[in-house]
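Asks: sequence and predicted structure below; questions after.
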Amino acid sequence: MSASTFLDTNVFVYQLEGADRRKQRIADALVRDALLTQDACISYQVVQECLNVITTKARVPLTPAQAQSYLDAVLAPLVQVGASTALCRRALDLRARWQLSFYDALIVAAALTAGCRRLLTEDLQHGQQIETLTVENPFLA
């Protein structure tokens, strides 16, 4: 199944954190819509980054049991792109062509691999077009 939208890690972190209520509302709506419509996806990298942040770096870290529940209910149903050598090769190519950090290039490569047309993230330039992918910052005021 192909999704039109790829969600970056910050969407999930904002959904859980609550430090910025406006961003939390936006993120919550994005995640709920993704689960309902199944028209958004994530990669294994997003799962790893999210679990790391919400269990160690968050203002109020989740317990292992809470993190497991979030993984099962939210993250796992959205994973469409796993780790692979091919994904790393594509990321290296994107990094060189677009001057991205390696981890940003992995996110872009995953979104392109999944066939997404939109990448929702704060980490890249809003409106930037990378191949068939448009970067959108859903948290812009």
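Replies: Right, received. Where do you want to start?

Asks: how many neighbours does A73 have?
Replies: 10 (other CB atoms under 10 Å). To be clear about C-beta, it is placed using only N, CA and C from the backbone, and glycine gets the same treatment.

Asks: now do the one 10 residues further on
Replies: Other residues near A83 come to 13 when the count uses other CB under 10 Å.

Asks: which stretches of this structure aren't confidently modelled?
Replies: Filtered on pLDDT under 70, the chain yields the residue ranges 1.

Asks: keeping just the C-alphas, turn stretch 123-141 into PDB.
Replies: Presented in PDB, the C-alpha positions along stretch 123-141 are these (Å, rounded to 0.1, in the frame of the first residue of the first chain):
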ATOM      1  CA  ASP A 123      13.800  19.800   9.700                       C
ATOM      2  CA  LEU A 124      13.900  20.900   6.000                       C
ATOM      3  CA  GLN A 125      13.000  24.000   4.100                       C
ATOM      4  CA  HIS A 126       9.200  24.400   3.700                       C
ATOM      5  CA  GLY A 127       8.200  24.300   0.100                       C
ATOM      6  CA  GLN A 128      11.400  22.600  -1.000                       C
ATOM      7  CA  GLN A 129      10.900  20.100  -3.900                       C
ATOM      8  CA  ILE A 130      13.100  17.000  -3.900                       C
ATOM      9  CA  GLU A 131      12.400  14.900  -6.900                       C
ATOM     10  CA  THR A 132       8.700  14.100  -6.600                       C
ATOM     11  CA  LEU A 133       8.500  15.100  -2.900                       C
ATOM     12  CA  THR A 134       7.300  18.400  -1.500                       C
ATOM     13  CA  VAL A 135       8.500  19.300   2.000                       C
ATOM     14  CA  GLU A 136       5.900  20.900   4.200                       C
ATOM     15  CA  ASN A 137       6.200  22.300   7.700                       C
ATOM     16  CA  PRO A 138       2.800  21.700   9.300                       C
ATOM     17  CA  PHE A 139       3.800  23.800  12.300                       C
ATOM     18  CA  LEU A 140       4.300  27.100  10.600                       C
ATOM     19  CA  ALA A 141       2.300  29.800  12.200                       C
END
